[in-house]
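Student: Prediction below, plus the sequence it came from.
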Amino acid sequence: MALDKLESRRTEVRSHHVSDPNQSDHELIEATKNGDEAAFALIVGRYRNPITNYLYRFLNDYEEAVDLAQETFVRVYFAIERYHTDYAFSTYIYRIATNLAISEIRKRKRRTILSLTGLFQTEADDTTEFQPTDPRDLQDKALVDDERSRVIARAIATLPPKYRFPVILRDVEGRTYEEIAQILELGLGTTKSRISRARALLKEKLKTYF
Amino acid sequence: MDRTKLGNGMNQQNGLDTENGEVAVLLRKLPRVEAPGDFDFGVKARIAAANSKPNTSFLPFLKVAAPLSLLLVVGAFVILYGTLPGDTSVGSVAEVSAPQDEQISLKPEPATVQPIANPVSTPQVDGRSGEQVAVAISNPTRRTGPIRRANRAQPISVREGGSIDSALRPARVIPAPSDVPVREILERLGMKAEFIDGGWKVRSTTDNSIATRSGVRSDDVIEAIDGRAITEATTLKGGVDGKSLNVRREGKQVKLDLKN
């Protein structure tokens, strides 16, 4: 009898449960599975900026990045029943975002719209199509910083995708090597090697800043 | 996901970042972009749109519709044209194509010939073989039936098929069943004979005829065709198969197989 009352109370609490921003990702996912829309909104709020930034650094196109970031959350929402808590949710959502970015690149290639920034250069073209900025000093520091950011962004965009993904995840998003290996479904050694290669390529492109 | 957390993640593996570490520092200094203010609204709108979107997948429908359409097309073709190409099991339309001599048959098919009420064209009339009518042939075995020709140099132009173009061609005429005198049969086989002393005595044979090829000689006396004894007044109703001749030659009975 007492057990029945306890179970009834739990059910009541669950039905009136309000998602807590301090809940872990997995708890929010479970709540979302149970129909808690607020929990999903918390997940969106938690990851919208990192995912948007990640996609923006990869695509170098803000509108496209926002579009794909939103699509990422839609995919998460509709596949939430299939999500297992075997690994971190951040790994899961970054992998979805990465796959969408890869699909977008393929679409762009099909449309043969080649970016003037050399976005789709192959590995053999690593050292071409890149114009470093004028290294002369400018009075306005903000202007200098802005210009430097744009040059770095363009330099990143010239990297082949297989180097671009890991170096952004590592140096821009700050993910660990293990996470990156899981997101990209690569071996740890391959991941480290690609990050190292990406940095070497960037150093060559941005040598005016060193 | 604030910058502090990101920084902590990086610091955990600084050992690996020492190589070209200045690049990592440079990238870390990049300003972070943020999602627009209506980002959440956009996500919700997309989810709502996806939920309200009807299932537009036509794959299950196509799985049924494609073979069904194919079946309907084939069915319509069969119904409209009466038969499939190359199918000889369905009746065809006869045509008028050659003089009677080119189409001599010792055994027409009386049971399978049906007159057509309105023949496509006026048929030729052969005085020897009697009346001829335009016919529609419905016998599936007609092709394989015995056809004997008096003149092999002129092939029988039998064209079959159920296509609509053959239906529009002029009707072919074949002899109607009738009683055929023995003399005429013998002539068709390629010999001229007279009835003497109870048998048809061969006076002459035509070169390259069935009679010649079968070994009939002048002065042979034909006594029976296909085992049927023949007299002067014998008529063979519906013709004969034309398989063999019983011949009396120099007082001996000889059986000759007829060869085309």
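Tutor: Happy to help now that I have it. Numbers count the residues shown, from 1 in each chain, chains lettered A, B, ... in the order given.
Student: Identify the residue nearest the geometric centre of chain A.
Tutor: residue A:54 (3.5 Å; C-alpha atoms, centre = their mean).
Student: so who does the residue nearest to it when sequence neighbours are not counted touch?
Tutor: Distance criterion C-beta to C-beta, 6 or more residues apart in numbering or on different chains; nearest residue to residue A:54, sequence neighbours excluded, is residue A:173 at 5.4 Å. Bear in mind the C-beta positions are built from the backbone N, C-alpha and C, glycine included. For residue A:173, the contact set (C-beta atoms under 8 Å, 6 or more residues apart in numbering or on different chains) comprises A:50, A:53, A:54, A:94, B:6.
Student: Residue B:222 is in contact with residue B:195, correct?
Tutor: No - counting by C-beta atoms under 8 Å, residue B:222 is not a contact partner of residue B:195; they are 9.5 Å apart.
Student: residues shared between the contacts of the two?
Tutor: Here residue B:195 and residue B:222 have residue B:201 as joint contacts, going by C-beta under 8 Å, 6+ apart.
Student: the more surrounded of these two?
Tutor: residue B:222 (24 against 17; other C-beta atoms under 10 Å in any protein chain shown).
Student: Make sure that one is indeed in a strand.
Tutor: Yes - the assignment for residue B:222 is a strand, going by DSSP: H, G, I helix; E, B strand; the rest coil.
Student: Quick check: it touching residue B:245?
Tutor: Yes - the criterion here is C-beta under 8 Å, and residue B:222 meets it with residue B:245 at 5.7 Å.
Student: in chain A, what residue is nearest chain B?
Tutor: residue A:174 (3.0 Å; C-beta to the nearest C-beta).
Student: Could you check how many residues crowd around residue B:250?
Tutor: If you count neighbours by other C-beta under 10 Å, residue B:250 ends up with 9.
Student: hmm, I was thinking of residue B:208
Tutor: Using other C-beta under 10 Å, residue B:208 has 12 other residues around it.
Student: With residue B:259 as the reference, measure out to it.
Tutor: Relative to residue B:259, residue B:208 is positioned 12 Å away (C-beta to C-beta, to the nearest Å).
Student: ok, now residue A:43?
Tutor: Counting by C-beta to C-beta, the gap from residue A:43 to residue B:259 is 97 Å.
Student: And for residue A:98?
Tutor: Distance from residue A:98 to residue B:259, by C-beta to C-beta: 86 Å.
Student: which of those two has more neighbours?
Tutor: A count of neighbours by other C-beta under 10 Å puts residue A:98 above the other of residue A:98 and residue B:259, at 21 against 10.
Student: tally of neighbours for residue A:194?
Tutor: For residue A:194, using other C-beta under 10 Å, the count is 22.
Student: Sorry, wrong one. I was asking about residue A:84.
Tutor: Residues near residue A:84, counting by other C-beta under 10 Å: 8.
Student: same deal with residue A:24?
Tutor: Counted with other C-beta under 10 Å, residue A:24 comes out at 12.
Student: in chain B, what spans have low per-residue confidence?
Tutor: In the predicted model of chain B, residues B:1-19, B:53-60, B:82-178, B:237-240 satisfy pLDDT under 70.
Student: all helices for it, in order.
Tutor: B:3-11, B:14-17, B:21-28, B:39-52, B:59-81, B:164-168, B:182-189, B:210-214 (DSSP state H).
Student: isn't residue A:163 right next to residue A:198, touching?
Tutor: Yes - counting by C-beta under 8 Å, residue A:163 does reach residue A:198; the two are 3.7 Å apart.
Student: Pick out whichever of these two has more residues nearby.
Tutor: residue A:198 (25 against 22).
Student: check which helix or strand covers the more buried one.
Tutor: helix A:188-205 (DSSP states H and E).
Student: quick one: buried residues of that helix?
Tutor: A:191, A:192, A:194, A:195, A:196, A:197, A:198, A:199, A:201, A:202, A:203, A:205 (16 or more other C-beta atoms under 10 Å in any protein chain shown).
Student: tell me the mean pLDDT over the helix or strand hosting residue A:146?
Tutor: Here residue A:146 sits within helix A:141-157, counting by DSSP H and E. Mean per-residue pLDDT for helix A:141-157: 84.
Student: what's the angle from it to helix A:188-205?
Tutor: Between helix A:141-157 and helix A:188-205, the angle comes out at 130 degrees (axes from the mean of the first three to the mean of the last three C-alpha atoms, to 10 degrees).
Student: For helix A:141-157, buried residues please.
Tutor: A:148, A:151, A:152, A:153, A:154, A:155, A:156, A:157.
Student: which other helices and strands contact it?
Tutor: helix A:37-59, helix A:161-167, helix A:188-205, helix B:21-28 (3 or more C-beta pairs under 8 Å, 6 or more residues apart in numbering or on different chains; DSSP states H and E).
Student: How about the next helix or strand after the longest one and chain B, any contact?
Tutor: The one in question is helix A:37-59. Next in sequence after helix A:37-59, counting helices and strands by DSSP H and E, comes helix A:62-78. Yes - against chain B, helix A:62-78 shows contacts by C-beta under 8 Å from any C-beta of the partner chain at A:62, A:65, A:66, A:69, A:70, A:71, A:73, A:74, A:77, A:78.
Student: Would you enumerate the residues in contact with the last one?
Tutor: Just to be clear, that refers to residue A:78. Taking C-beta under 8 Å, 6+ apart, we find residue A:78 in contact with B:47, B:50.
Student: for the fourth one, same thing?
Tutor: If a contact means C-beta under 8 Å, 6+ apart, then residue A:69 has A:48, A:51, A:52, A:55, A:97, B:35, B:39 as its contacts.
Student: if you set the cut-off to 7 Å instead, what comes out?
Tutor: A:48, A:51, A:52, A:55, A:97, B:35 (C-beta atoms under 7 Å, 6 or more residues apart in numbering or on different chains).
Student: Where does pLDDT dip in chain A?
Tutor: A:1-19, A:112-140.
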